[in-house]
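A.B. asks: Sequence first, then the predicted structure, then my questions.
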Amino acid sequence: MSQADVSYCCGSCRYPLNLTSTNRVTSSIDSKYRRSMSRGYISFRSIDPSRFTQVDKVQCWPMAWAGYVPRSKLLCRRCGVLIGYGYGFQGTAMSSTSFKKVIVKIRALQPSESSTG
């Protein structure tokens, strides 16, 4: 990790989630990104599935709104608090390692003590 990297852990129980600031999606900082930040969410490219319990859900929308959106709740493996959501599974199975989009609640995270910076 470089000096600017921050590792995150669960804000409730301090369980290390293996999320780092270098894994955040910041390449397209635009009004949509700022809006999600103001709502309390940040996006990550990928997660470590061994650190989360996932609850799969399929939300149905009218066909004009793209049919359905597969979504998984991502819970802390240790304490069960909601950390964020994984959207749009890639491939045929609902696999936690291949989300198209992962959003995490800012309030559910804390910087790890082992972070440098």
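C.D. replies: Received, thanks.
A.B. asks: Does C79 belong to a helix, a strand or coil?
C.D. replies: coil (DSSP: H, G, I helix; E, B strand; the rest coil).
A.B. asks: That one reaches S12, doesn't it?
C.D. replies: Yes - using Cβ atoms under 8 Å, C79 is in contact with S12, at 5.1 Å. For every residue, glycine as well, the C-beta is placed using N, CA and C.
A.B. asks: Could I get the full set of helices for this structure?
C.D. replies: 31-38 (DSSP state H).
A.B. asks: least trustworthy helix or strand in the protein by mean pLDDT?
C.D. replies: Lowest by mean pLDDT, DSSP states H and E among the helices and strands of the chain is helix 31-38, with a mean of 65.
A.B. asks: C10 is in contact with V81, correct?
C.D. replies: Yes - counting by Cβ under 8 Å, V81 does reach C10; the two are 6.5 Å apart.
A.B. asks: what residues are shared contacts of the two?
C.D. replies: A108 (Cβ atoms under 8 Å, 6 or more residues apart in numbering).
A.B. asks: Neighbour count for the two, which is higher?
C.D. replies: C10 (24 against 14; other Cβ atoms under 10 Å).
A.B. asks: Before I go, just wanted to say thanks for your time.
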